[in-house]
Structures are given as structure tokens and as C-alpha cells.
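Trainee: below is the structure, and that's it, no one-letter string:
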């Protein structure tokens, strides 16, 4: 079965850190661009980060630059999103998605989506 599964979401206090994982099964993540998205209650889903499948280049939304880091572990077929200095406005369901074309361009099409993992930042 081809799928991606997110994990690592949790409740954390402001200023804390979490590492989200996006694990693939049924295909090799290293030939796919991986995007991380989030959707807060009442808001549209937004792309926050991406790592390309061609040259490993990365993209970050301005609101997470300097705080979040995306990385790959091809041996584990997993992409990570390290989130530091978390803020209450980072509270959302986080999703990862994979695609074989378009790299980290703004084209809004992905082949596979996970079910999401909840991140809650509050005191």
C-alpha cells in the first residue's frame, strides 16, 4: 500500500520544540519532493516547507523561517520537520505530501497525502 504517515504531533508550551516525521511506505521518498502543510481551525491549509527531490533544495514559509528545519533520511524513508521556538499560532494539524513532479514549485498538486498530526502550542 502506497502511503505517507505523519507522526510526532503533541502539545507543547510556547518556546518548545517538536520533531514531526513523514514516513513513506510502498515507494521511495528520495525520488519525491515532500511538502509540509498545516491547517489551523477556521483557516485555509498553507504550505510551510518543502524539500526537493532533485537537488535537496528547501523552501520555508516566512512565518517559520529560522525556526523550522526540513530534512531527509533516505535510509529510513522518512522526512522530518524540526520545529523550534514554537508559538501559539503554530497550533494546527500538520500534513505531509509527496509528489514526483514539480519539485518545490508552487504547483498545488501532490500525489500522496497523509492523515495529519495535531500540534498544539499553549501554556
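Mentor: Thanks, I have it. Computed from a predicted model, the values in this text were never measured in an experiment.
Trainee: gap between the closest residue to residue 16 other than its chain neighbours and residue 12?
Mentor: Leaving out its chain neighbours, the residue that sits closest to residue 16 by Cβ to Cβ, 6 or more residues apart in numbering is residue 86, at 5.3 Å. C-beta coordinates here come from the backbone N, C-alpha and C atoms, glycine included. Residue 86 sits 6 Å away from residue 12, taking Cβ to Cβ, to the nearest Å as the criterion.
Trainee: neighbours around the residue nearest to residue 32 when sequence neighbours are not counted, how many?
Mentor: Using Cβ to Cβ, 6+ apart and skipping the chain neighbours, the partner closest in space to residue 32 is residue 98 (4.1 Å). When neighbours are defined as other Cβ atoms under 10 Å, residue 98 has 23 of them.
Trainee: for the most centrally placed residue in the chain, give the beta-bridge partners.
Mentor: Against the mean C-alpha coordinate of the chain, by Cα atoms, centre = their mean, the closest residue is residue 36 at 2.5 Å. For residue 36, the beta-bridge assignment (DSSP bridges) gives partners residue 49, residue 96.
Trainee: tell me who's in contact with it.
Mentor: 20, 22, 47, 48, 49, 50, 70, 81, 94, 95, 96 (Cβ atoms under 8 Å, 6 or more residues apart in numbering).
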